[in-house]
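[1] compute the structure for the input listed below.
(2 chains)
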Amino acid sequence: DTGVSQNPRHKITKRGQNVTFRCDPISEHNRLYWYRQTLGQGPEFLTYFQNEAQLEKSRLLSDRFSAERPKGSFSTLEIQRTEQGDSAMYLCASSSPRTSGVYNEQFFGPGTRLTVL
Amino acid sequence: SQQGEEDPQALSIQEGENATMNCSYKTSINNLQWYRQNSGRGLVHLILIRSNEREKHSGRLRVTLDTSKKSSSLLITASRAADTASYFCATPSNFGNEKLTFGTGTRLTIIP
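    Model prediction:
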């Protein structure tokens, strides 16, 4: 397994269009996270899944954003009616519990850079 | 919102010198993590230090944690050009070790 993969790596779209990103986590990892990073800032949490269950969503995740993880494997993040303010790097990460159920480091994918014109 | 603040925001040093970055955070934590990000790429986990640890080493990296001051430092010794990157500290937002809250990052440039 080569790590977390994300597709596409770059996406340019016009304002008002819908976009969908995909994340494939490390195969044995049951937790999957989405973050958004704007230029010059650290990543900001959007949402995370444990298996197929979406356990938490940030208030950054407006109604135009939806994430799914069917079957607890890959995940998709869809943005409807994109706005210029949605332009950012969207990062996916995965993790697995160690003994005692504690989660530690997260493994990040290369990100999808979205540009909304 | 950003949990931590890294200091300095940018740092340029000569190759071979040591680089020190600091991070301050706001809430109680049970661990603190440091990540590296090369320009336009994803993040790479460097090191995790638990709240009951004061210092941890990994290769050329040394991390300290002072929970009384809510601060951590990352020292990179004998810097190399390949160390040029942004460095972020991150903390779990609750004791469940779930979502990470990142600082604003330190942009490190190593001058050959």
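[2] residues of chain A that sit close to chain B?
    Residues of chain A that fall close to chain B, judged by CB under 8 Å from any CB of the partner chain: A:4, A:6, A:31, A:33, A:35, A:40-45, A:48, A:55-56, A:58, A:89, A:91, A:93, A:102-111, A:113. All C-beta spots, glycine's among them, are computed from the backbone N, C-alpha and C.
[3] restricted to strands, list the residues you listed.
    A:6, A:31, A:33, A:35, A:44-45, A:48, A:55-56, A:89, A:91, A:93, A:107-108, A:113 (DSSP state E).
[4] can you say which two of the residues you listed are spatially most distant?
    Farthest apart among these by CB to CB are A:55 and A:113. That separation is 26.5 Å.
[5] more neighbours: those two, which one.
    residue A:113 (16 against 13; other CB atoms under 10 Å in any protein chain shown).
[6] show me where pLDDT drops low in the chain?
    All of this is about chain A. Applying pLDDT under 70 to chain A flags residues A:1, A:98-103.
[7] sorry, should have said chain B
    Those would be B:1-4, B:94-97, if you go by pLDDT under 70 across chain B.
[8] near chain A, which residues of chain B show up?
    Proximity of chain B to chain A, by CB under 8 Å from any CB, involves residues B:1-2, B:31, B:33, B:35, B:40-45, B:48, B:88, B:90, B:93, B:96-105.
[9] so residue B:82, which of the three states?
    helix (DSSP: H, G, I helix; E, B strand; the rest coil).
[10] need the nearest residue in space to it, chain neighbours excluded.
    residue B:110 (7.8 Å; CB to CB, 6 or more residues apart in numbering or on different chains).
[11] neighbours of residue 84, just the number please.
    I'll assume chain A. Based on other CB under 10 Å, the number of other residues close to residue A:84 is 9.
[12] oops, I was thinking of chain B
    So residue B:84, with other CB under 10 Å, has 18 neighbours.
[13] how about chain B: which residue is closest to chain A?
    residue B:102 (3.2 Å; CB to the nearest CB).
[14] now, of the residues of chain A next to chain B, which are buried?
    For the residues of chain A next to chain B, a burial check counting by 16 or more other CB atoms under 10 Å in any protein chain shown picks out A:4, A:6, A:31, A:33, A:35, A:41-45, A:48, A:56, A:58, A:89, A:91, A:93, A:103, A:105-111, A:113.
[15] other SSEs contacting the host helix or strand of residue B:20?
    In this assignment (DSSP states H and E), residue B:20 forms part of strand B:19-24. On a contact count with 3 or more CB pairs under 8 Å, 6 or more residues apart in numbering or on different chains; DSSP states H and E, strand B:19-24 meets strand B:5-7, strand B:10-14, strand B:71-76, strand B:106-111.
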